[in-house]
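Q: need a 3D model of the sequence below.
(2 chains)
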Protein chains: 2
Amino acid sequence: VTAPALPHGFLAAGIRCGIKASSRGPDLGLLLADEARPASALFTRNQLTGAHVTVCREQLARSGGLVRAVLVNSGNANCATGAEGVEDARELSRALAARIGCPAEQVLMMSTGVIGARLPADRIGSALGDLVAAASAAGGEDFARAIMTTDTGPKTADATSESGATVTGFAKGSGMIHPDMATMLAFLLVDGADGPSDPNPTSGSSQRELLRRVTDRTFHCTTVDGDTSPNDTVLLWGRGAGPGLEDALTAVARRLARSIAADGEGATRLVTIHVTGGRDEAEATRIGRAVAVSPLVKTAIAGRDPNWGRIVSAACSAGIPVDPDRMTLAIGGSVVYRCGRPLPAAEPAAHAHLTEQREVEMALDLGIGTASSEVWTCDFTAEYVEINAHYRS
Amino acid sequence: VTAPALPHGFLAAGIRCGIKASSRGPDLGLLLADEARPASALFTRNQLTGAHVTVCREQLARSGGLVRAVLVNSGNANCATGAEGVEDARELSRALAARIGCPAEQVLMMSTGVIGARLPADRIGSALGDLVAAASAAGGEDFARAIMTTDTGPKTADATSESGATVTGFAKGSGMIHPDMATMLAFLLVDGADGPSDPNPTSGSSQRELLRRVTDRTFHCTTVDGDTSPNDTVLLWGRGAGPGLEDALTAVARRLARSIAADGEGATRLVTIHVTGGRDEAEATRIGRAVAVSPLVKTAIAGRDPNWGRIVSAACSAGIPVDPDRMTLAIGGSVVYRCGRPLPAAEPAAHAHLTEQREVEMALDLGIGTASSEVWTCDFTAEYVEINAHYRS
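A: Residues are numbered from 1 along each chain as shown, chains lettered A, B, ... in the order given. Here you go, the predicted model:
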């Protein structure tokens, strides 16, 4: 895997600092902009939050959403660490700001990894000089590796908008299923081609709304086990404008979201659930998510079983008014259920699809409207249970 | 296991009819009252429903809630079988009514087992004579066995109220996790000691309200995997009055609900989650359920890992306003988390509790009020995945 180039004006780095005891890989990452650029972030809805959520919110409020650098450590989530943990994140943000010569509030710090243990703040502080020195336009892959926890590989994507804005994305996460609650972290860097005289439609509230729209259709459509982590964060950072920017951002976020589902712990299948015929997109998404999170559906896929009954049942339990007598379900293009009744003759072809393809497709038509949505998940294997049962014991 | 005696006025039977191909056990059960008695039922909230849900609702509306007999088959859920399946259930209800000599609308029929296949209605119809002939006051255990699907044993409980009303309960279910979506079925039979001149506070809407209160505190507090089946049904049937009746019903339903969680597929631990210090009982229950359904919590218990972080995180994601800095969590009496911080010294004792006890206890105090609730679940093992992945393939 080679990471894509960074947008103009951004540098990246990833080095080994020694936070992760269990691996020899890099565990401290940096994204650095040539000047402060506008940024918006969305954070976890969990009420247990990592210290970085508190501190990032403070910094963005103080800086008016202008960010010069983002520091990320893996191996320690700095969560359930009390007031001391919050102060650790503040102090490291200040130290990096002093080193690069920017106002203290223009540095964000994020953490992912085990919870309940203090950050090795001295060790991280001592590594900041090497980290800044390592920052380069080619540092994307080092950064992508430095933010990994149980991920089996780095997750990156890029795109160019119709008007020439470049978007590069990074993410980490095997869903939200790290044994000690690691996180999904995602970074969307953007640089527009229209130059500094261009108005800035991605700053302030409109940038935030853009990020929310993109996230609702991408990261919020991915599940591994339905557990929401205390540290989940998505950051959109940079200037961009012109036609096609939202499409480019959505394409990058979608690839990252799919790669998170594909890399779910123990997973052997990436599952795409296309929901069509809904009354509106939000309802279609909720129904797709109810299917995507069902352990019965996910274990059936692990067994390569085209179990239409579990899928239709989960869709009918989402709390959205639907009619099973109007639903049609296809697995790998084979219609296994139509209007209240199974079609057993289609099951062998559906079984073959589940057996032979690593990326499997379900299409559920609700038959009650014209809205659609797409949701991603993975299969649920005995290895998932083994990984999560025996991590600490 | 010996089933408890039936309340006065009730008979029961269970025979082998040949519906279940995979077992030689009984698969057709009967509960028979000496005269029509008042009954109330609660059905699944899933919008995919088995045929019996439709037909039971019709019958109860027509009879004004008077029931003379309940016929139950296992091995086939009569779900996703279209109008023919509904007609099968109607026809078998009529046939049983004719045989015992009661109005057709006073017979209920329920089904549990695989879905998408027609009932063997002729075979069941031919067995009704033997079934009625087998009905006896000692038939409770045969009935309890006849309604089992993936259950590893019959589930029964009984109690006597303060005023002498007798309550006998039967249930089936390994949660809601039968591979082809079997169901939870539960039957609460009651007979009061106050005789026929007693007013009937358990009939009509007040009986229904009583059943809802009992169910909210018992069956609705049990989860195995969060999937709601199309056939779930709870029936309260008989006359009863006087002080302590609700307590007796709740005690019976509670024991049945706990036995369902304990018998979850692949489970090795029954987990009781005591939630205290909530603002109100409904909120405490929702928080307990969020913990009980979390795959991360359930896999941790399978690994005997006192993983306070996953438990607190799940409690903080229930959509209820809480404050992790006010929460206290004990596992087996050992406080592993208090007011935002872990207490690592308590973990060995908590680990020993999870390792040594088959019934494990968690106590989560929210620190924001005085309401409490209790919720039951089981651990989530690799065997669960194996059972559910490889059932049909």
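
Q: how far away is the residue of the stretch 151-300 of chain A found nearest chain B from B:Glu386?
A: As assessed by Cβ to the nearest Cβ, chain B sits closest to A:Thr299 within the stretch 151-300 of chain A, at 3.8 Å. All C-beta atoms are positioned from the backbone trio N, CA, C, and that covers glycine. Noted for A:Thr299: a distance of 9 Å to B:Glu386, by Cβ to Cβ, to the nearest Å.

Q: do A:Leu60 as well
A: A:Leu60 is 47 Å from B:Glu386, by Cβ to Cβ.

Q: and if you look at A:Ile100?
A: Relative to B:Glu386, and taking Cβ to Cβ, A:Ile100 is found at 53 Å.

Q: same question for A:Ser74.
A: 32 Å.

Q: more crowded one of those two?
A: Between A:Ser74 and B:Glu386, counting by other Cβ atoms under 10 Å in any protein chain shown, A:Ser74 is the more crowded of the two (30 against 18).

Q: where does the more buried one fall, secondary structure wise?
A: A:Ser74 is part of strand A:66-76 when elements are defined by DSSP states H and E.

Q: which phi and psi does the residue located most distally from the centre of chain A have?
A: Residue farthest from the centre of chain A, counting by Cα atoms, centre = their mean, is A:Ala345 at 38.4 Å. Main-chain dihedrals, A:Ala345, degrees, to the nearest 10: phi -60, psi -20.

Q: could you list the low-pLDDT ranges of chain A?
A: For chain A, the stretches flagged by pLDDT under 70 are A:1, A:175-183, A:193-205, A:226-228, A:390-393.

Q: for it, what spans make up the strands?
A: A:10-15, A:28-43, A:66-76, A:107-114, A:155-160, A:166-172, A:185-191, A:233-239, A:270-278, A:328-331, A:334-338, A:341-342, A:359-365, A:371-378 (DSSP state E).

Q: who wins for proximity to B:Gly169 among those strands?
A: Closest of the strands of chain A to B:Gly169 is strand A:341-342, at 33.8 Å (criterion: Cβ to Cβ).

Q: mind checking how far the closest one is from the chain centre?
A: Distance of strand A:341-342 from its chain centroid, counting by Cα atoms, centre = their mean, to the nearest Å, is 36 Å.

Q: repeat that for stretch A:344-358.
A: Counting by Cα atoms, centre = their mean, stretch A:344-358 comes out at 30 Å from the chain centroid.

Q: burial count for the closest residue to A:Gly125 other than its chain neighbours?
A: Take A:Gly125 and drop its neighbours on the chain: the residue closest to it by Cβ to Cβ, 6 or more residues apart in numbering or on different chains is A:Ala95, 5.3 Å away. A:Ala95 is flanked by 18 other residues according to other Cβ under 10 Å.

Q: verify the contact between A:Ala95 and A:Ser126 for me.
A: No: taking contacts as Cβ atoms under 8 Å, A:Ala95 lies outside contact range of A:Ser126: 9.8 Å.

Q: quick one: name the residues of the stretch 201-350 of chain A near chain B.
A: Neighbours of chain B within the stretch 201-350 of chain A, by Cβ under 8 Å from any Cβ of the partner chain: A:225-230, A:294-296, A:299-300, A:302-305, A:307-310, A:312-314, A:316-317, A:321-324, A:337, A:340-342, A:344.

Q: buried ones among these?
A: Using 16 or more other Cβ atoms under 10 Å in any protein chain shown as the burial test, these include A:225-230, A:294-296, A:299-300, A:302-305, A:307-310, A:312-314, A:316-317, A:322, A:324, A:337, A:340-342 as buried.

Q: helices - which of those residues land there?
A: A:295-296, A:299-300, A:302, A:308-310, A:312-314 (DSSP state H).

Q: among these, which one sits closest to A:Glu162?
A: A:Ala314 (38.0 Å).

Q: nearest spatial neighbour of the closest one, skipping sequence neighbours?
A: With Cβ to Cβ, 6+ apart as the criterion, A:Ala314 has its nearest non-adjacent residue at 4.1 Å, and that residue is A:Ser294.

Q: same question, A:Gly116
A: Spatial nearest neighbour of A:Gly116, excluding adjacent residues (Cβ to Cβ, 6+ apart): B:Pro342 at 4.3 Å.

Q: same check, this time on A:Pro243
A: A:Pro243 sits nearest to A:Glu162 (Cβ to Cβ, 6+ apart), 4.8 Å away.

Q: give me the number of residues near that neighbour?
A: By the criterion of other Cβ under 10 Å, A:Glu162 has 11 neighbours.

Q: what do you get for A:Ser136?
A: A:Ser136: 13 neighbours (other Cβ under 10 Å).

Q: tell me the spacing between it and A:Ala13.
A: Counting by Cβ to Cβ, the gap from A:Ser136 to A:Ala13 is 7 Å.

Q: repeat that for A:Gly113.
A: Taking Cβ to Cβ, one finds A:Gly113 at 19 Å from A:Ala13.

Q: next one: A:Pro348
A: For A:Pro348, the distance to A:Ala13 equals 52 Å [Cβ to Cβ].

Q: more neighbours: the two, which one.
A: Remark: of A:Pro348 and A:Ala13, A:Ala13 carries more neighbours, 23 against 11, as counted by other Cβ under 10 Å.

Q: I'd say that one and A:Ala137 touch.
A: No: A:Ala13 is not in contact with A:Ala137 according to Cβ under 8 Å; the separation is 10.7 Å.

Q: where do the contact lists of the two overlap?
A: Any residue near both A:Ala13 and A:Ala137 by Cβ atoms under 8 Å, 6 or more residues apart in numbering or on different chains counts here, and not one turns up.

Q: A:Arg208: neighbour count?
A: Neighbours of A:Arg208 using other Cβ under 10 Å come to 19.

Q: my read: it touches A:Ala39, true?
A: No: assessed by Cβ under 8 Å, A:Arg208 is found out of contact with A:Ala39, at 9.7 Å.

Q: list the contacts for the closest residue to A:Pro154 other than its chain neighbours?
A: Nearest residue to A:Pro154, sequence neighbours excluded (Cβ to Cβ, 6+ apart): A:Ala144, at 3.4 Å. By Cβ under 8 Å, 6+ apart, A:Ala144 lies in contact with A:3, A:14, A:154-156, A:170, A:172.

Q: and which of those is nearest A:Met184?
A: Out of the contacts of A:Ala144, the member with the shortest distance to A:Met184 (by Cβ to Cβ) is A:Lys172, at 7.1 Å.

Q: now that closest one, nearest residue through space, not along the chain?
A: Per Cβ to Cβ, 6+ apart, closest to A:Lys172 is A:Ile147, 4.4 Å.

Q: tell me, how many residues neighbour that neighbour?
A: Here the number of neighbours of A:Ile147 (other Cβ under 10 Å) works out to 30.

Q: and it, how far from A:Gly125?
A: 19 Å.

Q: same thing with A:Cys378?
A: For A:Cys378 relative to A:Gly125 (Cβ to Cβ), the value is 38 Å.

Q: what of A:Glu141?
A: As for A:Glu141, its distance to A:Gly125 is 25 Å (criterion: Cβ to Cβ).

Q: again with A:Val107
A: On the measure of Cβ to Cβ, A:Val107 and A:Gly125 end up 13 Å apart.

Q: same deal with A:Val335?
A: For A:Val335, the distance to A:Gly125 - Cβ to Cβ - is 60 Å.
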